Each structure stands twice: as C-alpha cells, then as structure tokens.
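# Provide a 3D model corresponding to the input given below.
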Amino acid sequence: MRTFVIGNENAVLGFALVGVDGRVIHDAAGLREALDNCLGDKTVGLILVTSDVADMARQRIDDLKVTSLTPLVVEIPGEKAGKAYPSLKDFVQGAVGIRLGGY
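Purely as a prediction, here's the structure:
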C-alpha cells in the first residue's frame, strides 16, 4: 500500500522529497478528480489531504474521513493552519455520537 498526498504546492513538494506521490490542487474540480482517482486505485492505502484543499469539498472530505477504511483519508494542516484540530478521541466521539471514557 502506498500513500498519496492531495494538497497545496508546498505540501506536495515536501512529501515528494521523501518519496510520496501527490497532486497539487487549485480548484474543487481538481480535488474531485484526484479523490476519485485515489479511491479507485487499489494500491493507495492512505490519502493525506491538506486542510486548505479539504475546505474546497468539506462535506465529502469529512464523510470520507469517517467512512473510508481503505484508503484511509486523513486531513493534515495546510498553509493557513489556524484552526485547532480535534483530538482523536473528540473526532471518534463526534463520528460515533457517544462519549468515550468516564470523564
């Protein structure tokens, strides 16, 4: 299984330096095409999407983060990563709709 990054130019270039393939996205149509290609490619096991690009198709990205097991879709900080990301526990609680842990 391989990793594929979908994002801004800096992220794609940075991951390319360590051998990870990727695609630079400039608009929602490009994002849709890149996602469809990755989801149809059985060799891709992990899709990394930068937050600035994920905002172009927020609902689809959020749905894929919760429902897609192969490939796994993970959002990573983009160029303007001002928003705080929820912890894994908070993300799972929101996705499942129940509170985890006793506190």
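
# alpha carbons only for contacts and neighbour counts from here, please
Fine.

# And the pLDDT for the closest residue in space to residue 28 that isn't next to it in sequence?
Of all residues not flanking residue 28 in the chain, residue 56 sits nearest, at 5.3 Å (C-alpha to C-alpha, 6 or more residues apart in numbering). Looking at residue 56, its pLDDT stands at 96.

# likewise residue 84?
62.

# So what does the residue nearest to residue 28 have for phi and psi?
Here is the backbone geometry of residue 56 (degrees, to the nearest 10): phi -70, psi -20.

# who's in contact with it?
27, 28, 31 (C-alpha atoms under 8 Å, 6 or more residues apart in numbering).

# Could you identify which of these has the most neighbours?
With neighbours taken as other C-alpha atoms under 10 Å, the top of the contacts of residue 56 is residue 31, carrying 21 neighbours.

# after the helix or strand containing that residue comes which helix or strand?
Residue 31 is part of helix 28-40 when elements are defined by DSSP states H and E. Downstream of helix 28-40, the first helix or strand assigned by DSSP H and E is strand 44-50.

# ok, residues contacting that next one?
Strand 44-50 is contacted by residues 1-8, 11, 38, 70-78 when judged by C-alpha under 8 Å, 6+ apart.
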